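> compute the structure for the input listed below.
(chains A and B)
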Amino acid sequence: MTTQEWPLWEVFVRSRRGLSHTHAGSLHAPDAELALRNARDLYTRRGEGVSIWVVPSAAITASSPDEKDPFFEPAADKPYRHPTFYDIPEGVKHL
Amino acid sequence: MTATLHTTAALALGDDALVLSHRLGEWAGHAPVLEEEVALANIALDLLGQARVLLSMVGDEDELAYLREERAFRNLQLVEQPNGDFAHTIARQLYFSTYQRLLYTHLAAADGEFAGLAAKAVKEVAYHQDHAEQWTLRLGDGTDVSHERMQRACRTLWRFTGEMFQPVEGLDIDWTGIKTAWLESVGDILRRATLDIPEGPQAGAWTAGAGRQGLHTESFGRMLAEMQHLHRSHPGASW
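You can find the predicted model right below:
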């Protein structure tokens, strides 16, 4: 038996029609087809989803925690960028 | 036993599901990787759900599962075969889930007493077959070692497959039609997996299969002992 690890995949699940896919977690699988099936078993067994995406974790380029300040700090002091000046009407969900 | 037709069929199908469920459950804590362990356990739970419905048609599900002797079980000998290596488990899954999918498809369409259960179960079983197919393709058409092991597993379990097509009392099924469809479906998957279709016979001498009559293979007694021991040691225990 080989000890080679299967690659890691990130799983995105769309819980209902009209919503976007949300990151649900990650798993190991030898290829994309089996990653989909493992995702079905791990993340949608209780009726959580209508659609699944799997993406090789290696294909994701992430911002580095070290660059957090230059990346995100400048945005925080520009309040006019934030839509915080009006009330959200009742009944509007998923905003 | 003064069994009606209904009882015979429910026991046969229910015991198949119960016994295979227990065998698959034995992988918990032992499967090659965590994701596969969850997949096998999910399949086991689907089967356990089917077994509960079917055995409840006959009597008290706990009594039937935990207090019957080996000879009273009516499952196919195929499903009681030990897990073996992963290839054996997959070959057993491929043979049985293909059979179960064909059987339940017919039962769901037939509008009899099993139609409700079959309609729900056929979706679960279609997934079980897909799982087995995916793995058969990868192991058969994988490395030299995986190919050899998968081929060996398919060959070893082949002699248990003929029993699946013995008519079950109480089920109005075209058994010859099911057998033809089974051979076509399994044959197609094996071919795509670069595996040879085993040459041995499925019926007659040198084949196995009297599970439906209550005769079981050696390892089944040990499996039952493990499955029933808690209930027999602590009757009525619950938590």
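> so which residue is smack in the middle of the chain?
Here I'm looking at chain A. A:His23 (2.1 Å; Cα atoms, centre = their mean).
> wait, chain B was what I had in mind.
B:Val79 (4.1 Å).
> for B:Lys179, see how far away the closest residue to chain A within chain B is.
At 4.3 Å from chain A, B:Glu35 is the closest residue in chain B, using Cβ to the nearest Cβ. In short, each C-beta sits where N, CA and C put it, glycine included. Separation of B:Glu35 from B:Lys179 (Cβ to Cβ, to the nearest Å): 34 Å.
> higher neighbour count, these two?
B:Glu35 (22 against 18; other Cβ atoms under 10 Å in any protein chain shown).
> quick one: contacts for the more buried one?
If you count contacts by Cβ atoms under 8 Å, 6 or more residues apart in numbering or on different chains, B:Glu35 has them with A:Leu27, A:His28, A:Ala29, A:Asn38, A:Asp41, A:Leu42.
> circling back: doesn't B:Ser97 make contact with the residue nearest to the centre of chain B?
No - between B:Val79 and B:Ser97 there is no contact under Cβ atoms under 8 Å: 10.7 Å.
> and the residue nearest to the centre of chain A, that's in a strand?
Yes - assigned with DSSP: H, G, I helix; E, B strand; the rest coil, A:His23 falls within a strand.
> neighbours of the residue lying closest to it once chain neighbours are set aside, how many?
Distance criterion Cβ to Cβ, 6 or more residues apart in numbering or on different chains; nearest residue to A:His23, sequence neighbours excluded, is A:Phe12 at 5.6 Å. Residues contacting A:Phe12 under the criterion other Cβ under 10 Å number 18.
> specify the beta-bridge partners of A:Phe12.
A:His23, A:Trp53 (DSSP bridges).
> got a list of what it touches?
Residues in contact with A:Phe12 (Cβ under 8 Å, 6+ apart) are A:His21, A:Thr22, A:His23, A:Ala24, A:Ile52, A:Trp53, A:Val54, A:Val55.
> so who does the last one touch?
Think A:Val55. Here A:Val55 is in contact with A:Trp9, A:Glu10, A:Phe12 (Cβ under 8 Å, 6+ apart).
> so where's chain B shaky on pLDDT?
Along chain B, segments meeting pLDDT under 70 span B:1-5, B:204-206.
> for it, which residues are neighbours of chain A?
Within chain B, the positions near chain A by Cβ under 8 Å from any Cβ of the partner chain are B:Pro32, B:Val33, B:Leu34, B:Glu35, B:Glu36, B:Val38, B:Ala39, B:Asn42, B:Asp130, B:His131, B:Gln134, B:Arg138.
> can you tell me the helix or strand for the residue nearest to B:Ile43 when sequence neighbours are not counted?
Nearest residue to B:Ile43, sequence neighbours excluded (Cβ to Cβ, 6+ apart): B:His128, at 5.2 Å. Element membership for B:His128 (DSSP states H and E) is helix B:115-140.
> where do the helices sit along chain A?
A:32-43, A:68-76 (DSSP state H).
> make JSON lines out of those helices and add mean neighbour count and distance to chain B.
Below are the helices of chain A laid out as JSON lines (neighbours: other Cβ atoms under 10 Å in any protein chain shown; distance: least, Cβ to the nearest Cβ, whole Å):
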{"stretch": "helix A:32-43", "mean neighbour count": "20", "distance to chain B": "4"}
{"stretch": "helix A:68-76", "mean neighbour count": "9", "distance to chain B": "32"}
